[in-house]
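S.K.: Sequence and predicted structure are below.
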Amino acid sequence: MTSTPQASPRRLPLALGGVALLLAAAGAVSFVRYARRHAPNPRLVAVAPFDVFAPGMDRWRVGLADALTRRLAGAPPLEAVPQAVVAATWRSAPRPEIAAVELARRTGAAVAVYGRVDPVDRDSVRVNLIVVEALSTRVLFGVVVRWSAADLDGLAGELAEHLRHRYPP
């Protein structure tokens, strides 16, 4: 009869500890690689739909976000998340700034842009725009602009300039 060698009762905890240590190290390396691959792009901006609470101004909700996205897309060093991706990813929330930050995180953008459009009178609007860092949720800056209601594209150009000058990636 042959007998199989038995492991010493002292060696078993040491072996299990060594395996656990190896698994922990492999997990840490895997996490670091994952975090590097999924880090937000510092040049990428997610523009959320603007809040509009006045009747008759529905075109401003997505129209201004679309125009701002086009202006950012064509003017390096910043890039913008396409509005088709925003439309598929956007989830409205009671607090729009939180929804905008979540939009940025889900799309890999480093910053989120959201705002509100209010009519001032028949011919002009006031836009409150806020830029938030997605990881820290820190407000980087805000812009308040009064603009002609007939010039949505001009307003988008003005807001894009504010972003390029005040948020250097």
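M.R.: The structure has been received and is ready for your questions. None of the values given here were measured: they were computed from a predicted structure.

S.K.: Let me see the mean pLDDT of the one helix or strand residue 159 maps to.
M.R.: Using DSSP states H and E, the element containing residue 159 is helix 152-166. What helix 152-166 shows for mean pLDDT is 91.

S.K.: contact partners of it?
M.R.: Here helix 152-166 makes contact (C-beta atoms under 8 Å, 6 or more residues apart in numbering) with 45, 59-60, 63-64, 67-68, 70-72, 75, 77-78, 113, 125, 127, 129, 131, 140-141, 143, 145, 147-148. All C-beta spots, glycine's among them, are computed from the backbone N, C-alpha and C.

S.K.: Can you go through these and name the buried ones?
M.R.: Those of these that meet the buried threshold are 45, 60, 63-64, 67-68, 70-72, 78, 113, 125, 127, 129, 131, 140, 143, 147, by 16 or more other C-beta atoms under 10 Å.

S.K.: Could you measure from residue 148 over to residue 160?
M.R.: 17 Å (C-beta to C-beta, to the nearest Å).

S.K.: can you tell me which residues contact residue 91?
M.R.: 99, 102, 103.

S.K.: For the second one, grab the count of nearby residues.
M.R.: Here the count is done by other C-beta atoms under 10 Å, and residue 102 has 18 residues near it.

S.K.: quick one: contacts for it?
M.R.: 91, 93.

S.K.: ok, it to residue 112 distance?
M.R.: 8 Å.

S.K.: mind listing what the residue nearest in space to the middle of the chain touches?
M.R.: In the chain, the centroid-proximal residue (C-alpha atoms, centre = their mean) is residue 104; its distance is 1.4 Å. Neighbouring residues of residue 104 by C-beta under 8 Å, 6+ apart: 40, 46, 81, 110, 111, 112, 132, 134.

S.K.: Check residue 139 too.
M.R.: Per C-beta under 8 Å, 6+ apart, neighbours of residue 139: 130, 131, 132, 133.

S.K.: Make CSV from these and add distance to residue 168 to it.
M.R.: Shown next, in CSV, are the contacts of residue 139 (distance: C-beta to C-beta, whole Å):
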residue, distance to residue 168
130, 18
131, 12
132, 16
133, 13
